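Visitor: Requesting a structural model of the entry that follows:
(chains A and B)
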Amino acid sequence: MPLLEVQGFGKRYRGKRAVSGVDFSVERGELFGLIGPDGAGKSSLMKAVAGVLAYEEGRIVAFGVPVDSERNAERVKGRMGFMPQGLGLNLYPELSVEENIDFFARLREVPPAELRERKARLLAMTRLAPFRGRAMKKLSGGMKQKLGLVCTLIHQPELVILDEPTTGVDPLSRRDFWAILAELLNEQGISALVSTAYLDEASRFHRLALMHQGQVLDQGTPEEILSRVPGSVVQFRSRVVAEVVARLRNRFPQVESYGSRVRLFLPGVAPEVASREVTAQLQGVEREELEVLEPELEDAFIQLLEEQSEERGPDLSPTVGSGAPAATFGLGAPATGERETDSRRPDRPRSGRPGQRPEGEEVMIEARELVRDFGRFRAVDRVSFRVRRGEIFGLLGANGAGKTTVIKMLTGLLPPTGGEGRVVGADMRTSSRAIRQRIGYLSQAFSLYRDMTVLENIRLYGGIYGLHGKALKARTAWVLAMAGLGGQEREMAGSLPMGLRQRLALGCALVHRPRVLFLDEPTSGVDPLGRRRFWEILTWLSRSEAVTILITTHYMSEAEHCDRLALMHAGRLVADQPPEALRRELVAEAGELLELEVDRPLAALECLKAHFAGVSLHGNRIHLFARDPEAARRRIGDRLAGAGLELRGLRRRVPGMEDVFVYRMGALEAAA
Amino acid sequence: MRLWLRRLRVMTAKELLQLSRDPVLLIILAWFFTAEIYIAGSGISMSLKHASVTVVDLDQSEASRELVARFRQPHFDVRETGFSSRAAAAMLDRGERMLLLEIPPGFERDLEAGRAVEVQLQADTTNTVLGTLATSYAAQIVGRYATDRALDELGIGDLQLAAMPRIEERRRVWYNPNQVDPWFMSISELMTVITMLSLMLPAAAAVREKERGTIEQLAVSPLTPFQILFPKVIAMTLAILAGTAVALFGILLPVFEVPVKGSLPFFFAVTALYALAVSGLGLFIATLSRNLGQVSMLVIVVLMPMLLLSGAWTPPEAMPWLLRRLMVISPLYWFIELGYGILLKGAGLEVLWDSVLGLAVLGSLLFAFGVFRFRRQFG
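Guide: Numbers count the residues shown, from 1 in each chain, chains lettered A, B, ... in the order given. Predicted coordinates for the structure are as follows:
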């Protein structure tokens, strides 16, 4: 009998269906994942399982007891541990690490002797022991989540329910968290139900369910899900990305561009055929490094979404990507009521070919030794960078790394403690209002007025920037077309789904045709399809409109879209390069990324840790870095054989930005 | 300049739109400007009405009954006449009766014998105003009875009395000749409501933008802090003026028949000026708060001293010297001077110019301070 069984689960909020028809089960010792964007219903499901949320439909049976009433829930609560969503939200900020643990232990009536023993073991495992006396509020995000985990585990539950434990945590701490969880599961035989919004974490789970809009799209092991959405991924570089994308879109639904790279998914097409088909479409177009890859879970997820999604964004994606966006997007006179010194026309060809970032042009954003202190805490520490016209500059880092503070200093919302930030050559603190006319800003909160309609929001922001009459009308039409909101003009902004709200907010930030755009985590919580569309718009803005974009994100997979990336950690800039350069550097320094399939992953992990760099566990597979793959294959085989383990498979993988980040951070910490 | 005005108009329209979409705020506005004022005007009264009296008449004579009969409606309400002082005292203790009148045995006999007699009055003065009124009215009644008895004894009739030297009191009550409480109470409640909402509404509108993060969007735009804040004040002042009109023409005039002696446009102009002044204080509160809960707490903190120092509850003359000096910093003090002055006394600008000036100066200072605080916070 499974440890946890969910059948036909459904939940409504004020009559509105949030989740419906969910079936899954968790076996003993299993790490089961719920993956999906915000609003997919993950939290409702987890709360219901934990017995803290009443539900209307279906059955939840935990440890053989139906969780259907207050009384029955109490019977199983002692055997479960629940960590709600939010960094350290279940903890008490003023209490120390140890006091927090003791409090939860007393709540759960853990005998003192056992508490001492367990506390020591868990603190050692999470490496929190040196911080026993530190107040919880002074811990980093990663440490808070580890403390949360310790508090959830202090009564030795058999099933832990963790709601988005890694959201907003830096990649290094995230890996650490997964490693600790894997170790606990292995050592103590506990099972875990974990949710995440990061698709790239899917490989961490034994089995998982992909959730979207309250329903399970698919479930199974990562391999099973991938095998159900067969197909191939073709990737190549080109100097005329926009043209290529336009051509390929006619035939293939999933085409994406990342800087100078194009990546497309061909559902149901075998690798050999895929390469031929794509090549046939690319007659007479220069391209290089064409390779065929295995699809990843994100490709599968998006394919599943496309198949069942009724909200197929209007004519947005083809138009944005196609070579002639001016017809749809370029309408309207210059957007300002104040004197517009910028004489560029929307349809005027820019220097350089389309799809190619104009090079060597003026610096639009510049940070010079920016410092910001909050009391004794240094949030931003001597950060310097430059962003040129038309560039997409990505600022990557965890919550609390200082990304938002940098943006706030650049936009003039926050005075720097030291250093200087300049936008279009002016310091925003002291700049005239006219300069502000040239920048657009989209904050984490999607600054829309939720109690106003789509149209009212656009008109308000247009009015604020001095638009009126014909110009306002034209820009309103532009925003509606860009955001794919035609026909929904009279809906309240608050009632729109996340993805649409995000695009509306972007439209409002663009209504006055700013030359510089600041985006602060614009994609958090948005589903992968919505995120892709969002990036298509940004790429189009940068390439065709020469808008300079500074964007922050904690989705490492999005970083590939940027022309240049700056990694931030604890207020410092760790790197500032194009993604390709970062990747090349990583391979040069650490070696190739290899993925191993072994029979007993945890034993293999222990065995290999001492001999290779960057050894980490991903579900049942192990990742590591090796300079010479061929020599490494032999060495790995030998090491594993020596420990009585079997190497079942080994393949090379292209390292992602997360690998880069983790490697850099590890090197920094080692140097410190 | 045209752009400047257009931005102001766009933002004001936005505030009004948001206000019209907020059912909670609309209900609050409707409640305070109608029901609240009606209740205050008709319910709360500072005069003695139907004070419950229990009588312990141990004499049971013609004289004692005559005295008791003089405790009449509308001021007093004699509920029962008993014999046990203990039972009556218990009723007083339990708060069931307000007054206890005890007439000793031999009351009539002693009176006729020309000896001094004493009656005992016990009063519950938990409410000091009513307690004081009750005891003084009762003393008057008893005194009057004694005088009447004495004149009777002496055989002095009305004719002789008219020939005797005495001082006659003739009262002229101005501005509220019948001393109708609802006039005073409803006007003072209206002003309290205006004060509270002028504090609350702009502060709530500003802090809501903070909570939702939209304030940053506005702060990075070419809008100046003044352009961001002033539209909120304009919109909320318009709402408050509309509410005042409803209260005035819907409750005060038709229900309580408050006579309007002065110029209504002048009254509305003064109300607008006052709402603007108090809004500045509200904006200051908004800069100190992070959410609506904190706004409400701070509004109470600010509102209480404003009310106490305004003269709405206690006449200025009754206050200690220091507090009386401090009253000038309560905008409500100026407003009440102006409000009563215009509505009940029919005064115009030529009389009230100093109050208008005081309000204007105070208002500009408060508003400038609010904007200054906001600028410090959002650049």
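
Visitor: Wait, residue A:454 touches residue A:489, no?
Guide: Yes. Counting by CB atoms under 8 Å, residue A:454 touches residue A:489, with 5.1 Å between them. For glycine as for every other residue, the C-beta is placed from the backbone atoms N, C-alpha and C.

Visitor: who are the neighbours of the host helix or strand of residue A:474, in terms of helices and strands?
Guide: Using DSSP states H and E, residue A:474 sits in helix A:469-483. Applying 3 or more CB pairs under 8 Å, 6 or more residues apart in numbering or on different chains; DSSP states H and E, we find helix A:469-483 packed against helix A:316-321, helix A:326-329, helix A:454-464, helix A:498-510.

Visitor: I'd like to know which of those is closest to chain B.
Guide: helix A:454-464 (3.3 Å; CB to the nearest CB).

Visitor: tell me the angle the closest one makes with helix A:498-510.
Guide: Counting by axes from the mean of the first three to the mean of the last three CA atoms, to 10 degrees, helix A:454-464 lies at 20 degrees to helix A:498-510.

Visitor: Not counting its own residues, what contacts helix A:454-464?
Guide: Contact with helix A:454-464 is made by A:448-449, A:452, A:468, A:472, A:475-476, A:479-480, A:485, A:488-491, A:493, A:496, A:504, A:507-509, A:511-512, B:6-7, B:10-11, B:14, B:17, B:217-218, B:221-223, as judged by CB atoms under 8 Å, 6 or more residues apart in numbering or on different chains.

Visitor: try it again with 7 Å
Guide: For helix A:454-464, contacts defined as CB atoms under 7 Å, 6 or more residues apart in numbering or on different chains pick out A:448-449, A:452, A:472, A:475-476, A:479, A:485, A:488-491, A:493, A:504, A:507-508, A:511, B:6-7, B:10, B:14, B:17, B:221, B:223.

Visitor: thinking again about what came up before, quick check: buried residues in the helix holding residue A:474?
Guide: By neighbour count with 16 or more other CB atoms under 10 Å in any protein chain shown, helix A:469-483 contains the buried residues A:471-472, A:474-476, A:478-483.

Visitor: Let's have these in a markdown table, adding distance to residue A:192.
Guide: As requested, those are exported to a markdown table (distance: CB to CB, whole Å):
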| residue | distance to residue A:192 |
| --- | --- |
| A:471 | 56 |
| A:472 | 53 |
| A:474 | 54 |
| A:475 | 50 |
| A:476 | 49 |
| A:478 | 48 |
| A:479 | 44 |
| A:480 | 45 |
| A:481 | 45 |
| A:482 | 42 |
| A:483 | 39 |
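
Visitor: Out of the residues you listed, flag the one nearest to chain B.
Guide: residue A:472 (10.2 Å).

Visitor: Give me the average confidence score over the helix holding residue A:474.
Guide: Helix A:469-483 carries an average pLDDT of 91.

Visitor: and stretch B:96-109, how far from the chain's centre?
Guide: Centre-to-centre, stretch B:96-109 and its host chain are 36 Å apart (CA atoms, centre = their mean, to the nearest Å).

Visitor: so how far is the first residue of it from its last?
Guide: End-to-end span of stretch B:96-109 (CA to CA, to the nearest Å): 32 Å.

Visitor: Around residue 259, how many other residues sit close by?
Guide: Since you didn't name a chain, this refers to chain A. Residue A:259 has 19 neighbouring residues, counting by other CB atoms under 10 Å in any protein chain shown.

Visitor: not quite, I wanted chain B
Guide: Counted with other CB under 10 Å, residue B:259 comes out at 14.

Visitor: so how far is the helix holding residue A:474 from its chain's centroid?
Guide: From the chain centre to the centre of helix A:469-483 is a distance of 30 Å (CA atoms, centre = their mean).

Visitor: Centre of the chain to stretch B:282-289, how far?
Guide: Between the centre of stretch B:282-289 and the centre of its chain there are 26 Å (CA atoms, centre = their mean).

Visitor: and that stretch, is it in reach of chain A?
Guide: No. Residues of stretch B:282-289 contacting chain A under CB under 7 Å from any CB of the partner chain: none, with a closest distance of 14.8 Å.

Visitor: How about that stretch, which residues are buried there?
Guide: Residues of stretch B:282-289 classed as buried by neighbour count (16+ other CB under 10 Å): B:282-287, B:289.

Visitor: Wait, residue A:592 touches residue A:623, no?
Guide: No. Using CB atoms under 7 Å as the test, residue A:592 is too far from residue A:623 to be in contact (10.9 Å).

Visitor: Any residues of chain A in contact with chain B? List them.
Guide: Counting by CB under 7 Å from any CB, the positions of chain A adjacent to chain B are A:337-338, A:411-413, A:415, A:429, A:433, A:436-437, A:439, A:441, A:443, A:445, A:447, A:449, A:451-452, A:456, A:460, A:463-466, A:468.

Visitor: so of the residues you listed, which ones are in strands?
Guide: Of the residues of chain A next to chain B, the ones assigned to strands by DSSP state E are A:439, A:441.

Visitor: circling back: so which of the buried residues of stretch B:282-289 sit within helices?
Guide: Those of these mapping onto helices are B:282-287, per DSSP state H.

Visitor: May I see the residues you listed arranged in TSV, with pLDDT and distance to residue A:133 as well?
Guide: Formatted as TSV, those follow (pLDDT from 0 to 100; distance: CB to CB, whole Å):
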residue	pLDDT	distance to residue A:133
B:282	88	44
B:283	87	43
B:284	86	40
B:285	88	38
B:286	88	39
B:287	86	36
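
Visitor: now, among these, which is nearest to residue A:635?
Guide: Nearest to residue A:635 among those is residue B:287, at 64.2 Å by CB to CB.

Visitor: List the contacts of that closest one.
Guide: B:373-374, B:377.

Visitor: Check the residue lying farthest from the centre of chain A and give its pLDDT.
Guide: Distance to the chain centre peaks in chain A at residue A:113, reaching 42.0 Å (criterion: CA atoms, centre = their mean). What the model reports as pLDDT for residue A:113 is 90.

Visitor: what's in contact with the helix or strand where it lies?
Guide: With elements taken from DSSP H and E, the one containing residue A:113 is helix A:112-125. Helix A:112-125 has contacts (CB under 7 Å, 6+ apart) with A:101, A:105, A:129, A:132, A:150, A:153-154, A:180, A:183.

Visitor: Mind doing that once more with 10 Å?
Guide: By CB atoms under 10 Å, 6 or more residues apart in numbering or on different chains, the residues outside helix A:112-125 that reach it are A:97-98, A:101-102, A:104-106, A:108-111, A:128-132, A:146-147, A:149-151, A:153-156, A:179-180, A:183-184, A:187-188.

Visitor: and the residues you listed, which are buried?
Guide: Neighbour counting by 16+ other CB under 10 Å classes A:97-98, A:101-102, A:104-105, A:108, A:110, A:128, A:131, A:146-147, A:149-151, A:153-155, A:179-180, A:183-184 among the contacts of helix A:112-125 as buried.
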